[in-house]
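A.B. asks: the following block contains a protein sequence and its predicted model.
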Amino acid sequence: MRILHVITRLIHGGAQRNTMMCAAEQARRGHEVTLVTGPEAGPEGSLLEEAAQDPYRLIVLPDLVRDPSPARDLRALVELWKLMGDHRFQVVHTHTSKAGILGRWAAALRRVPAVVHTPHGHVFHGYFSSWKTRVFREVERLTARTTHRIVALTEGDLRDHLQEGIAPADRFVIIPSGVSLERYRRPSETASGGQDPTIGFVARLVEVKGVLDLLEAVALVVTRFPRARLVLVGDGPLREAVLERIQTLGLTSHVELLGRLEDPAPALRGFDLFVLPSHNEGMGRAAVEAMAAGLPVVATCVGGLPDVVVDGETGLLVPPHDPQALAEALTRLLEDPDLRGRMGLAGQIRAEAFSDQVMFDRLEALYSEILTRPNK
């Protein structure tokens, strides 16, 4: 198959890792694969150099940018249209909202046989102002008509899209954002479990990841566990606000900000439990990675996280925007090492359903099914 992937930017994030993994594996399986992205990076760090080493064709379009820009968007649309005409792709697979809009319309104009879109969550909550969100919602509804299949990452992700009226249920398919589990696995007994229990967080430092809620919760936790530590792995536009909040809450001796790590797996091995207090989450790759590492996970019950973290079995779920509930869940796990161990083992088993091989096989089957259907 001749496959084109389109994504707005290659920064350190779950959607970007997912896209690169899919393109690389499809190229290794013998397909002719191209990945198109824009030039933007950010404080999260760029993956462009890494992508250039992968076994697919990488093309950077200067006008493919994340924020709306009518002139640049039109130029990017024309460039995508030209590219699709030159290479006659059989499959166009777009990723994230902005690239999904431009890439799918270009594919529709070129009558590409199979058009697939993965939103990697959605931007309907926690990202933009209310008016911009409404515009995106209406454009997504219109663009969905050009799409053969939309990939939801979990049942919760699917429910969110159906509630927003993006497309009928038969337009969707559920395929998880696969994780290379072997990189994260560890024997459960390697958790530190000492006198200084460590809470881990791996995510971009942006509002939607709930990191400021987490700091408020940790301020409550340390009143009960004065030797508890929080390790933050990641970077982003909220970095300065995070540092300021750490100072304001008197958490300087309790919080370590590691910044962005090329490979977070070694850091996970030093945690006793993991927390992901997102306000919006399509799936939560970081939660799967933590479970693969044998860690219990405290997460918010938003989007696809309840489909990943089984409440009371592989971790604990709490409401979003609720530092008190978050603190209570963290305290419960810090108080009970045996419970942490049982949940960690259950999480390793649960993580198997979200492996990269599951994703690769389901996507290949999806492409083939669309291409061989008489009425696409």
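C.D. replies: Thanks, I have the structure now.

A.B. asks: report all helices and strands that the helix or strand hosting A329 contacts.
C.D. replies: When elements are assigned from DSSP states H and E, A329 belongs to helix 323-335. With contacts defined as 3 or more Cβ pairs under 8 Å, 6 or more residues apart in numbering; DSSP states H and E, helix 323-335 has these neighbours: helix 211-224, strand 273-276, strand 297-300, strand 315-318, helix 337-350. (Glycine included, C-beta is placed from N, CA and C.)

A.B. asks: what's the first helix or strand after the second one?
C.D. replies: Sequence order places helix 285-292 as the next helix or strand after strand 273-276, per DSSP H and E.

A.B. asks: tell me the average confidence for that next one?
C.D. replies: Mean pLDDT, helix 285-292: 95.

A.B. asks: quick check: angle from it to helix 337-350?
C.D. replies: Relative orientation of helix 285-292 versus helix 337-350 (axes from the mean of the first three to the mean of the last three Cα atoms, to 10 degrees): 110 degrees.

A.B. asks: count the residues that sit near D86.
C.D. replies: Per other Cβ atoms under 10 Å, the neighbour tally for D86 reads 8.

A.B. asks: give me the phi and psi for it.
C.D. replies: In terms of degrees, to the nearest 10, the main-chain angles of D86 are phi -70, psi -40.

A.B. asks: what does V173 give?
C.D. replies: Dihedral angles (degrees, to the nearest 10) for V173: phi -140, psi 150.

A.B. asks: can you pull up the most central residue in this protein?
C.D. replies: G14 (3.5 Å; Cα atoms, centre = their mean).

A.B. asks: pLDDT at that residue, what is it?
C.D. replies: Looking at G14, its pLDDT reads 83.

A.B. asks: ok, it touching V179?
C.D. replies: No - at 9.2 Å, G14 does not count as touching V179 under the criterion of Cβ atoms under 8 Å.

A.B. asks: so for G282, what's the pLDDT?
C.D. replies: pLDDT for G282: 82.

A.B. asks: residues contacting it?
C.D. replies: Residues in contact with G282 (Cβ atoms under 8 Å, 6 or more residues apart in numbering) are P119, H120, G121, H122, A152, L153, T154, D157, S177, G303, G304.

A.B. asks: can you rerun that using 10 Å?
C.D. replies: 14-15, 118-122, 152-154, 156-157, 160-161, 176-177, 302-305 (Cβ atoms under 10 Å, 6 or more residues apart in numbering).

A.B. asks: now which of those residues would you call buried?
C.D. replies: Applying 16 or more other Cβ atoms under 10 Å to these, the neighbour count classes 14-15, 118-122, 152-154, 156-157, 160-161, 176-177, 302-305 as buried.

A.B. asks: just the ones of those residues in strands?
C.D. replies: Under the assignment DSSP state E, those contribute T118, A152 to strands.

A.B. asks: could you verify that V36 is part of a strand?
C.D. replies: Yes - assessed by DSSP: H, G, I helix; E, B strand; the rest coil, V36 belongs to a strand.

A.B. asks: L333 reaches P296, doesn't it?
C.D. replies: Yes - at 5.7 Å, L333 counts as touching P296 under the criterion of Cβ atoms under 10 Å.
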